[in-house]
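Colleague: Show me how the following folds:
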Amino acid sequence: MNISVTKAAKQWGVSRTTIYQKINDGELSRTADKKIDTSEMIRVFGEPVTKKRTEQSVNTSNSTSVNSQNVQNSTALEHQLALEKMKNEHLEQQVRDQKQLIANYQEQISQLNKTLEKANASIHDLTQIRLLEFKGADSEHSDQQSPLEPEPLPKKEADAAPTPTKKKKWWRP
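Modeller: Numbering: from 1, shown residues only. Predicted coordinates for the structure are as follows:
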């Protein structure tokens, strides 16, 4: 297709002077009717600006759609990241709570062990006192009391410790 110099200058975005210089220098040829073949213009100047603008517009819309998709993907990833951070914070809080619970249980165990040690010590002391009383009563009153009956405790000690019940002996005929 053949076009005028003016139309070629407009479509390719170059001045008419530049086109005439190219013709004079032999870089660009014209037909006998002083028109320029579009294939010659493409060979020398490349694609026309209007066509480039159309392609750029198409590329821009494609790019815009790709950018829009990237923005959506990015937003989805940011949302997922925020959810994962919240889950992580929740799990960290649960770990802290469990550690506190363990510490509380350990403190309770420690207190119970102390109470148990005191109770065992009291039982041991009471056993020792009863044993001493039993041995003392046995040696002093071996003729008067049976070995199973300990000597009565003084009033002060009797209140502190329970008195054992008298054991009955059964005789079989």
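
Colleague: mind checking how far the most centrally placed residue in the chain is from Leu101?
Modeller: By CA atoms, centre = their mean, the chain has its centre lying nearest to Asn88, at 2.1 Å. Going from Asn88 to Leu101 by CB to CB, to the nearest Å gives 20 Å. Any C-beta I mention is one placed from the backbone N, CA and C, and that applies to glycine too.

Colleague: Now do the host helix or strand of Lys10, average pLDDT.
Modeller: Secondary structure from DSSP states H and E places Lys10 in helix 5-12. Average pLDDT, helix 5-12: 90.

Colleague: Could you do stretch 123-137 as well?
Modeller: 88.

Colleague: Stretch 100-120 now?
Modeller: Stretch 100-120 shows a mean pLDDT of 94.

Colleague: Let's see that stretch as PDB, backbone CA atoms only.
Modeller: Provided in PDB are the C-alpha atoms of stretch 100-120 (Å, rounded to 0.1, in the frame of the first residue of the first chain):
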ATOM      1  CA  GLN A 100       2.400 -22.300  83.700                       C
ATOM      2  CA  LEU A 101       0.200 -25.300  84.500                       C
ATOM      3  CA  ILE A 102       3.200 -27.600  84.800                       C
ATOM      4  CA  ALA A 103       4.900 -25.100  87.100                       C
ATOM      5  CA  ASN A 104       1.700 -25.000  89.300                       C
ATOM      6  CA  TYR A 105       1.600 -28.800  89.400                       C
ATOM      7  CA  GLN A 106       5.300 -29.000  90.400                       C
ATOM      8  CA  GLU A 107       4.700 -26.500  93.200                       C
ATOM      9  CA  GLN A 108       1.800 -28.500  94.500                       C
ATOM     10  CA  ILE A 109       3.900 -31.700  94.300                       C
ATOM     11  CA  SER A 110       6.600 -29.900  96.300                       C
ATOM     12  CA  GLN A 111       4.200 -28.800  98.900                       C
ATOM     13  CA  LEU A 112       2.600 -32.200  99.200                       C
ATOM     14  CA  ASN A 113       6.100 -33.800  99.600                       C
ATOM     15  CA  LYS A 114       6.900 -31.400 102.400                       C
ATOM     16  CA  THR A 115       3.600 -32.200 104.100                       C
ATOM     17  CA  LEU A 116       4.300 -36.000 103.700                       C
ATOM     18  CA  GLU A 117       7.800 -35.600 105.100                       C
ATOM     19  CA  LYS A 118       6.400 -33.800 108.200                       C
ATOM     20  CA  ALA A 119       3.700 -36.500 108.600                       C
ATOM     21  CA  ASN A 120       6.300 -39.300 108.300                       C
END
